[in-house]
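Asker: Give me coordinates for this.
(one chain, ligands or ions: 2)
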Amino acid sequence: MNSIQTENQITTNTLNKHANLTTYGWSEFQTNALQSLNLKDATPARVLYRNRNIYHLATEKGIINGALSGKYQYEHDLSDYPVVGDWVLIEPKDDLGVIHTLLPRKGKFSRKEAGMVTNEQVLAANVDVVFIVTGLDSNFNISRIQRYRTVVLEGGAKPVVLLNKLDLCDDLEDKMAALRAVLPNEPIHPVSTFTEEGLESLAPYLCEGSTIALFGSSGVGKSSLTNALIKSSVMATGAVGETHGKGRHTTTTAELFCLPDGGILIDTPGIREIQIWCHEDAIEAGFEDIAELASTCRFENCQHKAEPGCSIKHALKVGTLSERHYNNYMNLKREARFIEAKQRAKDRQKDKVAKKDRPRQKRFDTVCD
Ligand code: GDP
Ligand code: ZN
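Answerer: Ligands and ions are numbered 1, 2, ... in the order given. The predicted model follows:
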C-alpha cells in the first residue's frame, strides 16, 4: 500500500514538476516514460514545428529553438528524428535546446516513401484525437470514412467523425443511419462551420492537453474548421507564429497550436493529405467483430465462401452479422489489395528509373580477376 502511495506521489510530483507543459499535452504517459529512463535532470520539450534541422520547442520556460545533438544524428536514421508532436529531452545551451533523446511515442502517423528503399516518413506523433472531416454534400462517402478510421486507429488515436456543411444537407437522418450502421461505436458530429451549428458539441475533445489532428479530403472544410477552432485568438496564432515570423495560414510547414479553449491542434499539410491506403491487416484491425467471428470458422484459412463450418456465412444467414457491414469490409479489403498492387507497380517503375539514372560503377571486379 505504502509503495503504491509513494509511486503515485512520485507521478503526481513529476506531473506537477512539468505542470507548465500540460498545456502542451504532457501527461502521465510521458512522466512514466521519463521515469523509466531514469534521467533525473532531464528537460522535456515538445516539438511544435520543424524546419529541416531547426526545431521549435515548447519548454517550461517558453518557446526556444533547438537542434539535434551530433551524437543523435550519428546514431539515428532520418525516420527516428523527432517530428511535430514528439516529446524530446534537451540540454539548454545558451538560448538553444540541444536534443539528446526522443521519448517513446504514444502513437504516430507516417507515410511510406515509395522508391528503391521503402522509407517510413513520420508525419506527426502523439495525436490523441483525429477529426475525420467529411462534407455532407456530394463528398459524403462512407467507405472513405471507414478507411480514415482504420488509419486513425493504426496511429494510436481516437477517431471522431465530423460531418461538415450541415447547412447544405436535407437528408441528414438517412446519412446518419447509413453511417451508424457501419460505425456503431464512433462519435459522429454533424456541424457547419458556416452557421457554427454543432460546433459546440466538439468542446469535450478540446480539453487541456489533448492533441487533435484533422483528416479529410480537399474541400471538406478543414481550413474553415481550423479557423473556427482557433478563432482569432492571439494566443493560438501568436505563440508559434511570432517565433518564426509567419502568419497563421501562410505557413506550409508542420505546426502545433494551443487552442484557446484547451487542446492542441496539429495542422500540417502532410497530415491533412495523409494517404488513406493501408494494409489489409490494418483493415482487419478496424473490423474486430468480423475478425473475431472469422477466428471461429472451422478452417483457419476459411475464405467464407462455401467452406463447411464457416461462422461468417452462418452469421450472415441468421442475421447477427449485417450484410452491409460485411460487404463494406470486403470492399475495403479489395480496395486495399488494389491500391497496394498499384503502389508496388509504381515503386517498381521508380526503381527502374533510378537504376537507369545511377552512374555506372566501374567494373573493378573484372580487373581484379
Ligand atoms: P479544406 O480544403 O478541407 O481546407 O476546405 P476549406 O475549409 O478550404 O473549405 C472548402 C470550401 O467549402 C470553401 O469554399 C468553404 O467556404 C466551404 N465550406 C467550409 N465549411 C462549410 C460549411 O459548413 N458549409 C458550407 N456551405 N460551405 C463550407
Ligand atoms: Zn469462414
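Asker: and the residue most central in space within the chain, backbone torsions?
Answerer: Closest residue to the average C-alpha location of the chain: Phe109 at 4.0 Å, with CA atoms, centre = their mean. Main-chain torsions, Phe109, degrees, to the nearest 10: phi -120, psi 130.
Asker: Touching, it and Val151? I think so.
Answerer: Yes - when contacts are counted by CB atoms under 8 Å, Phe109 is listed as touching Val151 (7.4 Å). Using the backbone N, CA and C atoms, a C-beta is placed for each residue, glycine as well.
Asker: Please name the residues that touch the residue nearest to the centre of the chain.
Answerer: Counting by CB atoms under 8 Å, 6 or more residues apart in numbering, Phe109 makes contact with Val122, Leu123, Ala124, Ala125, Val127, Val151, Gly155, Ala213, Ile271, Ile274.
Asker: ditto for Lys175
Answerer: Leu136, Phe140, Leu163, Cys169.
Asker: Give me the buried subset of those.
Answerer: Buried members of the contacts of Lys175, scored by 16 or more other CB atoms under 10 Å, are Leu136, Phe140, Leu163, Cys169.
Asker: I'd like the average pLDDT over the strand or helix carrying Ile63.
Answerer: Assigned by DSSP states H and E, Ile63 belongs to strand 62-68. For strand 62-68, mean pLDDT is 91.
Asker: helices or strands next to it in the packing?
Answerer: strand 43-51, strand 54-59, strand 87-93, strand 96-102, helix 234-244 (3 or more CB pairs under 8 Å, 6 or more residues apart in numbering; DSSP states H and E).
Asker: Which neighbours in the sheet does that strand have, and how are they oriented?
Answerer: strand 54-59 (antiparallel), strand 96-102 (parallel) (DSSP bridges).
Asker: among those, which gets the worst mean confidence?
Answerer: Of all those, the minimum mean pLDDT falls on strand 54-59 (a mean of 91).
Asker: contact partners of it?
Answerer: By CB under 8 Å, 6+ apart, the residues outside strand 54-59 that reach it are 21, 24, 43-50, 63-68, 82, 88, 90, 92, 97, 99, 240, 243-244, 256.
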